[in-house]
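Asker: Fold the stuff below for me.
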Amino acid sequence: MSKVIGIAAEGPTDYLVLKTVIDTITGEDNRFLALQPEPDMMGRYGNGWKGVWKWCKENSSLEKIMDEIQPKIDVIIVQMDGDVVRKEKEVHCQCDSTDCEEKGKVFPLYCQKAKEGCGVVLPCQDHLDCIDDTMNHGNKVLRKALDISENSRIIITIPCDSTDAWIVAAYDDYENVEQIIDPWKNIIAKSKYYHDVRVRGDKKNTVTYSAFMPELSERWKIVANKCESAKLFETNIKRIFEM
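Answerer: You can find the predicted model right below:
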């Protein structure tokens, strides 16, 4: 049975990928609501990973009122790319190795020391350089902001290094595809065409990404076998749909 699914994502191309993948996994034509970013991408929380994290922080009671929202939302998907854990200091503010007098007192994105005098050192010494650790840390950061339970109807997904890796996994046979840094820049947009799809410059857009969706859907099982983050996302979707 189809569901009403809200999506809080970094941007419109991520939203498009998640919609395609969810319908592929469930075999349903679900109804999707774009919760974040807002249509103009410059709304209350802004776009990108910071917008997602702020949205989570400001909606920490969301799980308790999901059934009261109209239209009723059955599932909410929250997406943040794994590259954020790799390169952004703010998501490591609460790590044991971080030494800062503001630790635990200020939401990291609102902390002035994040720009100057930040105590975070990257790579973070509390995390191993592996996909599982990246996903676990990203999940922990957003779960804390949302204040949700383990069996929540809010699903957090941390594609590694980004949702672009899922596209590359559908088209190419790279080893350790989730460990490729910035697959959009270094693979997809490296030339004018990517597997006969015209790539217009180095900026991602929904027109280009729409052309990738049929292949992503057709080869999703292959993508899930190659990518730990994709497989975990599939498992969580099936749990919600009780498949």
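
Asker: List the buried residues in the helix or strand bottoming out on mean pLDDT in the chain.
Answerer: Every helix and strand in the chain was compared by mean pLDDT, DSSP states H and E; the lowest is helix 62-65, with a mean of 72. Within helix 62-65, the residues that count as buried by 16 or more other Cβ atoms under 10 Å are L62, E63. From N, CA and C alone the C-beta is placed, and that goes for glycine too.

Asker: then that helix to PDB, C-alphas only?
Answerer: The C-alpha trace of helix 62-65 is given here as PDB (Å, rounded to 0.1, in the frame of the first residue of the first chain):
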ATOM      1  CA  LEU A  62       8.000  16.100  15.000                       C
ATOM      2  CA  GLU A  63       7.700  12.300  15.800                       C
ATOM      3  CA  LYS A  64       5.000  13.000  18.400                       C
ATOM      4  CA  ILE A  65       2.700  15.000  16.100                       C
END
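
Asker: Can you list the strands that the next helix or strand after that helix pairs with?
Answerer: Counting by DSSP states H and E, the next helix or strand C-terminal to helix 62-65 is strand 75-79. If you go by DSSP bridges, strand 75-79 pairs up with strand 4-8 (parallel), strand 154-157 (parallel).

Asker: Tell me which of those strands sits most buried.
Answerer: Highest mean neighbour count among these (mean count of other Cβ atoms under 10 Å): strand 154-157, with a mean of 24.

Asker: what mean pLDDT would you report for whichever helix or strand comes after that strand?
Answerer: Next along the chain after strand 154-157, taking DSSP H and E as the criterion, comes helix 163-171. In this model, helix 163-171 has a mean pLDDT of 98.

Asker: Next secondary structure element downstream of helix 163-171?
Answerer: Going down the chain from helix 163-171, the next helix or strand is helix 183, by DSSP H and E.

Asker: Run me through the strand neighbours of the following helix or strand past that following helix, direction for each.
Answerer: Moving toward the C-terminus from helix 183, the next helix or strand (DSSP H and E) is strand 193-194. Applying DSSP bridges, strand 193-194 is found paired with strand 197-198 (antiparallel).

Asker: now the helix or strand just after the partner strand, how far from the chain's geometric center?
Answerer: Downstream of strand 197-198, the first helix or strand assigned by DSSP H and E is helix 206-218. Offset of helix 206-218 from its chain centre (Cα atoms, centre = their mean, to the nearest Å): 17 Å.

Asker: Give me the residues contacting helix 206-218.
Answerer: With contact meaning Cβ atoms under 8 Å, 6 or more residues apart in numbering, helix 206-218 is reached by 12-13, 16-17, 20-21, 23-24, 166-167, 170-171, 195, 197-200, 223.

Asker: Would you reformat the strands paired with strand 75-79 as JSON lines and include mean pLDDT?
Answerer: JSON lines is the format used below for the strands paired with strand 75-79 (pLDDT from 0 to 100):
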{"stretch": "strand 4-8", "mean pLDDT": "93"}
{"stretch": "strand 154-157", "mean pLDDT": "95"}
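
Asker: Distance to I76 added to the ones you listed, as TSV?
Answerer: Putting the strands paired with strand 75-79 into TSV (distance: least, Cβ to Cβ, whole Å) gives the following:
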stretch	distance to I76
strand 4-8	4
strand 154-157	5
